[in-house]
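Asker: Any chance you can model this:
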Amino acid sequence: MAELPGLGDERGEGASGAPTLADSCLADNRLNLDVYPTGCRRLLQLFEGRRAEVVQVEFLRLSTNDRLLGAALGVLPRLKHLKSLVLKGGLARDKFGSCQHGSLTSLPPDVGSLRCLTHLDLSFNSLSTLPSCIPHLPSLRVLSVSHNSLVALPEDFGSLSKLTFFSAMKNQLVDLPQSIGNLAALKDLDLSENALEALPEEVGNLHSCTQLDLSGNRLSSIPDSVGNLKALRQLHLHSNLLVTVPASLASLPNLSRLDLQNNCLRAVPPEIQTLPFVHLRGNPLGETEPSPQAEGSSATELQRLFLASGEDSFTVTSEGCEVILACGIHFYFPPGAASDPVRIDFRTLEPDPRWVKLRHHDVLLSRVLELQPHGVTFQQEVQIWMPYAAPQSLQQLEVVVRTFSGHSWSDLRTQVEQETKSKKHVAHCRVLHFSWFLVVSRLVQNECQVSTEGTLLFSSVDPNIKVTFPPGVTEETRSVKLQVLPVSTEEIAELTADAGCRASPLLCLSQDSLVDFLKPVRIQLPLPFGVTGLNLDRSRLHLLRGDVQGQTWDDITSQVVLELTHLYAVFEVTHFSWYWLWYTTKTYIGGIAKKVYERLRMYQVNFIALQRKKDPEQVLLQCLPKHKVDPVLKKLQDRYRGPEPSDMVEMFEGEQFFAAFERGISIDMDRPDCVDGRLSFIFYSHLKNMKEIYVTSPVDRKGQAVKGQVSFYRGAVPESIPEEASRRRKGPDSLWLATLPIKLPRLKPRWGENPSPQNGFSFSPLNLGNAETGYLTQANLLSIARRVGADWQTIGLNLGLTYQQIERIGYNHREDLDKQILDMLFSWAQQNSEDPDCVSKLIKAMKESGRQDIADEVESIIELGRHKYWESIRRVGLEQESSTEDSATAAM
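Answerer: Predicted coordinates:
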């Protein structure tokens, strides 16, 4: 075989003459090359240099995300001893965190000559048809083509007479060949999440089948011949369109699970309905069949509600409805979800770290959605779509909706979607009750149930990480969770300042039982990158175990039997914790690991303080992760100016900090977010962490400018941060983070100081709004007028003034911008003084005009007025007692 261009030697670390990394991949009769980004290149190198050994290989794994896949496929027909072949995609992820399918679309025809091949895995690829060589593999027992684009199986598929396992889940199969009934040895058949509309009668000939999964298809019925599958133990038919099921299913002697959930069954045979292992939730059992006319009218009459920004409630009836909130949150209440009309109150809240508890490596992606009444239970699942800030990378993370029961948080099964028009990312979940909801990203979590029979659990982030539970490991079934945090070689080198340090992915294992396992559990971890069993120095290899909070890391290398292969380290434990393999010459490795783990949870951030060009009294403060600083500044540069961002500092997710204006600059102390004269912030890496406020100065600015500053200080220490990091935040100097200059220019002559009359204007007293929601007074409007500037015409049009009115105001005061603003604002106020919703219209107009700063200021004024009103009510004992319980719960 001629040498392919670009396939030069790739040397690993070590002295001259050490074996190449490609050589070290070949151990015994196995080649696991999917763990390398250049695995196909390594196969070609080995085939050139060590062909006699390669042709003896029995087990081969390659990634189909590799660009040299096509050349590597040409080698396969020559591997006559091959027993197991894995050509999987999905090892790379796109920017949304989804697995990228491999480029495999076919196989060389000569692959059909591999007479020893018993196991073939082609999942996560781009197959639209099954390669023609597959039915000619005489020894094939296990075949997986899941996560492809297959629309049909060939007619000769039934020639695979020895096939015992076949998975084609998540394809586009519409029907099955009749020859599928010839698979007499087939035990496991997974055809879930396809587009099957019918099954051939021949499926009843699969007499060896014990597991049959047909969930997530379009089946309206199943053939009676399924009743002939006497060996069947589990039959999954949920999420189809079934209107009937054969009564013969009740006579299957070995059946232990029949899942019929989420179908269209209005009745089932009584002999099936009484079986204890039948699951029927999500079916319209007992309901009468609607007439075609009624069915058509109900489909078109499902109410759809679009709620404006000022609305905070809606009513759901038994007919169901769709609800779209102004913030983008979307609800779907199916018909029958509520038996009686129920009013739903909602609000979005800023996350409060006192009760929004994030776990290690969690990232908050949304505000908190509260739905009341708390605990209300629906008859059918309600669907919720919540927009969220998409993480920069989802390579080892997954997005979930988290809900609060009033006592603890739990994660819901979540689908991540992207809206077609807006391109916004939304998290989609289904619930039966209402409480608090938010969106987070977490480390990908793999979970399994461990019974007395034992099982195998592996990581979907790194399939080389495996946990084996032997038979007899437990007396009672328990739930086990596995999470993995990959750590790059570059990160380790940067954080330790030692290019020689290496570390494996960080493994976290947990369970729902406090009892240790009865037998040792076997754990397999990949060796740190660049280290193999052929070149490592065992004295440099350390296995560390960390506690739940990552506070202590103990070197347990001498306490376990560490078995090493060319790629993996294997050891046994009886209880779970964090596990981390390190390869280093350092001695105090536990302390180094603790510092590295702490740094992995921190974000490098910068502060910015900008002033609006048209109105320097309006100041924008924001805390940004360092990679977002330049894009944000570029977006704001047309409207704002200010100093360079602060120096970089480090913060934890959910950490509190304050902004204090100093040296002659002050803010409104009555703001709800003002604590002891300082603005309170909570840092969340994917939320805005931004506030626009109006500043003033007690200094007389008629003759001079005010050169002040804003300083940022750390606040309360998050509960979950390491003890050492907490100590560093307690010193008097350690609270300060950064200081940026703020300059208020010398005032130009403006309208007179006397509020009435104003440059020829005389205003009658105004109180816009009402006592419960808060008033806007004449003084408030005068304060707002000072901030409007050149945007007055746009604001006036959005407030509802006609274009002719705007033109007339502009002409009457063509030499005085201040009078134009006053005339516009107070003309609107006089016309709408009797409108109870006029304040919300003012806020909306400001937002539509791009003046979020004024909208926020108005909302702060209203919130303060509302707070004072309820305080006065509370003092005289008139507050409604019914609201106290929910308020107390929300304050947790």
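
Asker: what about Val548, which helix or strand?
Answerer: Taking DSSP states H and E as the definition, one finds Val548 inside no helix or strand.

Asker: Double-check it against His575; I have them as touching.
Answerer: No: here Val548 does not reach His575: they are 11.8 Å apart, not a contact under C-beta atoms under 8 Å. (Each C-beta comes from the backbone N, C-alpha and C, glycine too.)

Asker: Any figure for the gap between Thr38 and Leu31?
Answerer: 14 Å (C-beta to C-beta, to the nearest Å).

Asker: typed the wrong thing, it's Leu543
Answerer: Applying C-beta to C-beta, the value for Leu543 to Leu31 is 27 Å.

Asker: next one: His627
Answerer: 38 Å.

Asker: Between these two, which has more neighbouring residues?
Answerer: Neighbours per residue, other C-beta atoms under 10 Å: of His627 and Leu31, the larger number sits with Leu31, 23 against 10.

Asker: The more buried one: what's it in contact with?
Answerer: With contacts defined as C-beta atoms under 8 Å, 6 or more residues apart in numbering, Leu31 is in contact with 25, 43, 46, 54, 57, 59-61.

Asker: So which of these wins on neighbours?
Answerer: Leu43 (28 neighbours).

Asker: Give me the local confidence score for the nearest residue to that one once chain neighbours are set aside.
Answerer: In this structure, Leu43 finds its nearest non-sequential neighbour in Ala72, 5.1 Å apart by C-beta to C-beta, 6 or more residues apart in numbering. According to the per-residue confidence, Ala72 scores 89 in pLDDT.

Asker: which SS class is Ala72?
Answerer: For Ala72, the secondary structure call by DSSP: H, G, I helix; E, B strand; the rest coil comes out as helix.

Asker: swap in Tyr713?
Answerer: Using three-state DSSP, the secondary structure recorded for Tyr713 is strand.

Asker: same check, this time on Asp668
Answerer: Each residue gets one of three states, and Asp668 gets coil by three-state DSSP.

Asker: wait, what's in contact with it?
Answerer: Contacts for Asp668 (C-beta under 8 Å, 6+ apart) come out as 674, 693-694, 860.

Asker: For those, give me CSV that also has neighbour count.
Answerer: Below are the contacts of Asp668 laid out as CSV (neighbours: other C-beta atoms under 10 Å):
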residue, neighbour count
Cys674, 16
Ile693, 22
Tyr694, 20
Ser860, 19
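
Asker: In strands only, show me the residues you listed.
Answerer: When strands are assigned by DSSP state E, the members of the contacts of Asp668 inside them are 674, 693-694.

Asker: Looking at those residues, which one is closest to Arg663?
Answerer: Distance to Arg663 across those (C-beta to C-beta) is lowest for Ile693, with 16.7 Å.

Asker: where does the closest one land on pLDDT?
Answerer: Looking at Ile693, its pLDDT reads 85.

Asker: Now Asp818, what are its backbone angles?
Answerer: The phi and psi torsions at Asp818 (degrees, to the nearest 10) take the values phi -60, psi -40.

Asker: Now do it against Asn606, distance only.
Answerer: Summarising the geometry, the distance separating Asp818 from Asn606, computed by C-beta to C-beta, is 37 Å.

Asker: Could you check which of these two has the larger neighbour count?
Answerer: More neighbours surround Asn606 than the other of Asp818 and Asn606, with 21 against 17 (other C-beta under 10 Å).

Asker: Let me have the ones in strands among the contacts of Asp668 in CSV, extended by distance to Ser479.
Answerer: Formatted as CSV, the ones in strands among the contacts of Asp668 follow (distance: C-beta to C-beta, whole Å):
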residue, distance to Ser479
Cys674, 46
Ile693, 48
Tyr694, 53
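
Asker: how far out from the middle of the chain is the helix or strand that contains Leu46?
Answerer: Here Leu46 is covered by helix 39-49, with elements defined by DSSP H and E. Remark: helix 39-49 is offset 38 Å from the chain centroid, using C-alpha atoms, centre = their mean, to the nearest Å.

Asker: After that helix, which helix or strand is next?
Answerer: Read in the C-terminal direction, the helix or strand following helix 39-49 is helix 51-54, with elements assigned using DSSP H and E.

Asker: Now do that next one: distance to the chain's middle.
Answerer: From the chain centre to the centre of helix 51-54 is a distance of 45 Å (C-alpha atoms, centre = their mean).

Asker: just checking, what packs against it?
Answerer: The contact analysis (3 or more C-beta pairs under 8 Å, 6 or more residues apart in numbering; DSSP states H and E) places helix 51-54 against helix 39-49.

Asker: picking that back up, for the ones in strands among the contacts of Asp668, which one is nearest Leu610?
Answerer: Ile693 (11.8 Å).

Asker: So the closest one sits against Leu679, correct?
Answerer: Yes: counting by C-beta under 8 Å, a contact exists between Ile693 and Leu679, whose distance comes to 7.0 Å.

Asker: Now do the shared contacts for those two.
Answerer: With contacts taken as C-beta under 8 Å, 6+ apart, the residues that reach both Ile693 and Leu679 are 621, 667, 671.

Asker: Sketch out the strands for the stretch 601-750 of the chain, chain order is fine.
Answerer: Taking DSSP state E, counting those that start in this stretch to define them, one finds strands in the stretch 601-750 of the chain at 602-612, 618-625, 640-641, 649-652, 655-662, 674-675, 678-683, 690-694, 706-714, 736-744.

Asker: likewise the stretch 301-450 of the chain?
Answerer: Using DSSP E, counting those that start in this stretch, the strands found in the stretch 301-450 of the chain span residues 303-306, 313-316, 321-324, 330-333, 342-349, 363-364, 368-372, 377-387, 397-404, 409-412, 415-418, 425-433, 436-443, 445-450.

Asker: I appreciate the help and will end here.
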